[in-house]
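J.: Below are the sequence and a predicted model for it; my questions follow.
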Amino acid sequence: MMTRLTPEQWQGFYQLESSQYDERRYQTAYGRTFTRLHHEAIAGLLEDVPRDARVVELACGTGHVTVLLQRLGFATTACDLTLEMMARARARCTGREPAPEFVRANAFSLPFADASIDVLVTTRFLHLFPHQTQARVFAELQRVLRPGGLLVVDFDNNGARWLMAAPHFLYNLIRYRRSAPDTHYNNVGATTKMLNDTGFAIEKVVGIAGTHLLPLTWVSEPLATAVGRWHRHAPLRIAAEQFVIAARRQ
């Protein structure tokens with residue numbers, strides 16, 4: 001049985017990983033394609049949000065989405081537990097406006113007052129935790145969002161996990177010397193129910209990319225991006241690497 005990492009172990013992992021995080025995830029041909037599709041999906045979900053809204057990004061990492069929020073014109077408060085990751089996000093956003101504020105924060109006890117945030121964005125994060133722990137995070141996000149506030153959150157897609165079981169097995173064997181990823185996959189239905197049970201109303205679910213696009217990125221990244229857009233909605237959403245949910249705090 002695979003041993004899951006604790007939050008403390010994850011923090012140690014990202015301290016070591018920070019120097020190569022972007023190179024391994026976002027600077028490959030598929031990584032660039034994923035970034036375009038990920039950014040497009042999030043930007044679309046935030047399209048109608050006033051630019052003076054109070055926006056918080058949880059688990060900003062090295063700033064993959066922080067810089068997108070900045071380009072969209074949001075004065076974001078970006079949070080992470082790992083200082084080394086957050087330092088890279090700060091460097092990425094330096095010299096542009098509006099300048100984000102960076103705050104070290106724990107997802108289970110955020111340093112914000114009840115009902116004080118208009119929009120909360122968290123990406124590439126919830127897959128680190130089992131579903132019962134994800135529910136604890138949702139409860140904390142629900143606490144700090146104002147009534148009607150918007151949550152944008154993504155998950156690793158369980159459908160794609162099984163459709164791409166053999167390539168995922170080989171990737172983890174080569175990349176991490178293990179037979180399975182230390183990650184938690186979500187189904188759309190179970191996840192929307194979990195959010196509903198925590199006090200959120202679902203607005204939209206969008207599929208993002210798909211690791212099966214990798215060979216296509218070697219031929220043409222624009223073509224891979226165009227094909228990736230077909231995975232935003234059912235039925236091809238089942239093959240998307242991730243799905244992102246927009247939900248309102250009730």
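T.: Sure, I can see it.
J.: Now for the closest residue to F129 other than its chain neighbours: which residues touch it?
T.: Excluding its sequence neighbours, the residue lying closest to F129 (Cβ to Cβ, 6 or more residues apart in numbering) is H184, at 6.2 Å. (C-beta placed from N, C-alpha, C; glycine too.) Counting by Cβ atoms under 8 Å, 6 or more residues apart in numbering, H184 touches 126-131, 134, 156.
J.: Quick check on those: which are buried?
T.: Neighbour-count burial (16 or more other Cβ atoms under 10 Å) applied to those gives 126-129, 134, 156.
J.: which other helices and strands contact the strand ranked longest in the chain?
T.: Looking across the chain with DSSP state E, the single longest strand is strand 145-156. Applying 3 or more Cβ pairs under 8 Å, 6 or more residues apart in numbering; DSSP states H and E, one finds that strand 145-156 makes contact with helix 29-45, strand 117-122, strand 200-208, strand 242-249.
J.: how big is the angle separating it from strand 242-249?
T.: For strand 145-156 against strand 242-249, the angle by axes from the mean of the first three to the mean of the last three Cα atoms, to 10 degrees is 170 degrees.
J.: Pull whatever helix or strand comes next after strand 145-156 out as CSV, backbone CA atoms only.
T.: Next along the chain after strand 145-156, taking DSSP states H and E as the criterion, comes helix 158-163. What follows is helix 158-163, C-alpha atoms only, in CSV (Å, rounded to 0.1, in the frame of the first residue of the first chain):
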residue,chain,number,x,y,z
ASN,A,158,-10.5,10.4,-11.8
GLY,A,159,-11.8,9.6,-15.2
ALA,A,160,-8.6,10.5,-16.9
ARG,A,161,-6.7,8.5,-14.3
TRP,A,162,-8.3,5.3,-15.5
LEU,A,163,-8.4,6.1,-19.2
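J.: tell me which residues in helix 158-163 are buried?
T.: Applying 16+ other Cβ under 10 Å to helix 158-163 flags 158-161, 163 as buried.
J.: Tabulate these in JSON lines, adding columns for pLDDT.
T.: Below are the buried residues of helix 158-163 laid out as JSON lines (pLDDT from 0 to 100):
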{"residue": "N158", "pLDDT": "92"}
{"residue": "G159", "pLDDT": "88"}
{"residue": "A160", "pLDDT": "85"}
{"residue": "R161", "pLDDT": "80"}
{"residue": "L163", "pLDDT": "73"}
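J.: Got the phi and psi for D48?
T.: D48 adopts backbone torsions of phi -90, psi 10, taken as degrees, to the nearest 10.
J.: Can you tell me the number of residues neighbouring it?
T.: Counted with other Cβ atoms under 10 Å, the neighbours of D48 add up to 7.
J.: confidence score at it?
T.: Predicted confidence (pLDDT) for D48: 97.
J.: before we move on, what about F13?
T.: As predicted, F13 sits at a pLDDT of 57.
J.: Check V153 too.
T.: 98.
J.: Can you give me the separation between it and A59?
T.: 10 Å (Cβ to Cβ, to the nearest Å).
J.: how much space between L213 and F243?
T.: 15 Å.
J.: who has more neighbours, those two?
T.: More crowded of L213 and F243, by other Cβ under 10 Å: F243, with 26 against 23.
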